[in-house]
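Trainee: here is my input, please return the structure:
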Amino acid sequence: MSILGSETKITRNSQLKEVLSQIKDLFRKGLNRQFSGCVLEAYDLYKQATEKLRAILDDKRHPLKGELLKRWTFHLKHFEGYMENLSDQLHGHITQSKMVDQIFIKEDEVGYSYQNLFGRYLTGAVKDILIFEPELSKGCHIKNLINFFEMILKNCANVSCIRLVTNKNGELPTTQLNILNQVCLDMERKNIDFSYRFEDNLKDAKILLSNGYLINTGHGLHIYQPDYAQYSPGLCDFDFRKCFKSMISIWKCRPFADGSYLSIKELEPSTRKKPLTIENISKYNEYKNMTAAAELKKKTAVSELSIKQGSRSKI
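Mentor: From the prediction side, this is the model:
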């Protein structure tokens, strides 16, 4: 489906300019997050930027022509390259993970607050968190999310990035947006970058922590039964909440932010001289490819010269 409307040409051009500006911001933010070690958020930002740009280029009605079309097609190639690079490394970590705990919760059981379940894994070593939560359409879902965030604020003194991926509420999209935007502002006051995006038909719930833990739970964050009395234990302390029957698996792999993801170290903010822009990144990649080609040509010439000299010496 096109992300541009079906209005007049002038309106569509205005929409296109705005969307391209958003794509630039997403990619720039992704690069900065990658350089600061928040590779989980960086990966999802690259993915969002790539999907937006691909949707524009796949729309035959888009007004991109000539050099502008060539430039953004070139950018898409690099967006996909960065995303695939991180995706391969993240996938490599996850496939080598080992299960460290498995928790079985019976129907109506209590004593399973987020702190009791996950507190030992959410520590000061966590800098970056990526949450896939399909259900955020009801008030009880939002309360669970806020309670989980409260535990993060208490436990993770060094967390700087939290990224949420969820489904859009089809019935009350404006209410959902207002709540999530309010969470963004609240987290910003605590020096935490909270961001979110919507993904169509998201089904699998999981939480990735930058210290290498992966949390899988069939109910996502919503393991608690919502029908509790308003003025009874469980209102604030989730240890008193009755739970649904659930199974939670905790997996451990190598930390996601161990420095091995900074494969474009030359452009790190502490060493680069020019501002971090899409154009500078593209120019850098062009320069790197030209340099590699020149180096290969030089090595080939040296090799051919050595062969000729060797042949002459034998004669």
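Trainee: drop to CA atoms for contacts and neighbour counts, all remaining ones
Mentor: OK.
Trainee: distance check, the residue nearest to Pro226 when sequence neighbours are not counted against Tyr82.
Mentor: In space, and not counting its chain neighbours, Pro226 is closest to Cys140: 6.3 Å by CA to CA, 6 or more residues apart in numbering. Distance of Cys140 to Tyr82, computed by CA to CA, to the nearest Å: 37 Å.
Trainee: who's more crowded, the two?
Mentor: Neighbour count, other CA atoms under 10 Å: between Cys140 and Tyr82, Tyr82 has more, with 21 against 15.
Trainee: so that one sits in a helix?
Mentor: Yes - counting by DSSP: H, G, I helix; E, B strand; the rest coil, Tyr82 is found in a helix.
Trainee: run through the helices of this protein in chain order.
Mentor: Listed in chain order, the helices of the chain (DSSP state H) span 9-35, 39-58, 66-95, 114-118, 139-155, 173-189, 278-314.
Trainee: so which of the ones you listed comes closest to Tyr231?
Mentor: The closest approach between Tyr231 and any of the helices of the chain, judged by CA to CA, belongs to helix 139-155 at 15.5 Å.
Trainee: between that closest one and helix 173-189, how many degrees?
Mentor: Angular relation of helix 139-155 and helix 173-189 on a 0 to 180 degree scale: 10 degrees, by axes from the mean of the first three to the mean of the last three CA atoms, to 10 degrees.
Trainee: per-domain residue ranges of the protein.
Mentor: Domain ranges of the chain: 9-92, 98-252, per automatic domain parsing.
Trainee: comparing those by mean pLDDT, which bottoms out?
Mentor: Out of these, domain 9-92 stands lowest, with a mean of 82 (criterion: mean pLDDT).
Trainee: stretch 204-223: which residues count as buried?
Mentor: If you call a residue buried by 16 or more other CA atoms under 10 Å, then stretch 204-223 has these buried ones: 205-223.
Trainee: start and end of that stretch, how far apart?
Mentor: End-to-end distance of stretch 204-223 (CA to CA): 14 Å.
Trainee: residues in contact with that stretch?
Mentor: Contact partners of stretch 204-223, identified using CA atoms under 8 Å, 6 or more residues apart in numbering, comprise 38-40, 121-122, 125-135, 141, 144-145, 148, 243-257.
Trainee: again, only using 7 Å
Mentor: 125-134, 141, 144-145, 243-244, 246-257 (CA atoms under 7 Å, 6 or more residues apart in numbering).
Trainee: from the residues you listed, which ones fall inside strands?
Mentor: When strands are assigned by DSSP state E, the members of the contacts of stretch 204-223 inside them are 128-132, 246-252.
Trainee: residues near Pro203, how many?
Mentor: Wrong residue type there; residue 203 is Lys, not Pro. 15.
Trainee: burial of the closest residue to it other than its chain neighbours, as a residue count?
Mentor: Leaving aside its sequence neighbours, Lys203 sits nearest to Pro134 (CA to CA, 6+ apart; 5.7 Å). As a burial measure, Pro134 scores 23 neighbours (other CA under 10 Å).
Trainee: need the contact list for Pro134.
Mentor: Neighbouring residues of Pro134 by CA under 7 Å, 6+ apart: 166-167, 202-205.
Trainee: and of the residues you listed, the nearest to Cys156?
Mentor: Distances from Cys156 to these, taken as CA to CA, are shortest for Ala205 (21.3 Å).
Trainee: kindly provide the distance from the residue nearest to Pro226 to Ile94.
Mentor: 31 Å.
Trainee: what of Leu202?
Mentor: From Leu202 over to Ile94 (counting by CA to CA), the distance is 19 Å.
Trainee: more crowded one of these two?
Mentor: Between Leu202 and Ile94, counting by other CA under 10 Å, Ile94 is the more crowded of the two (20 against 15).
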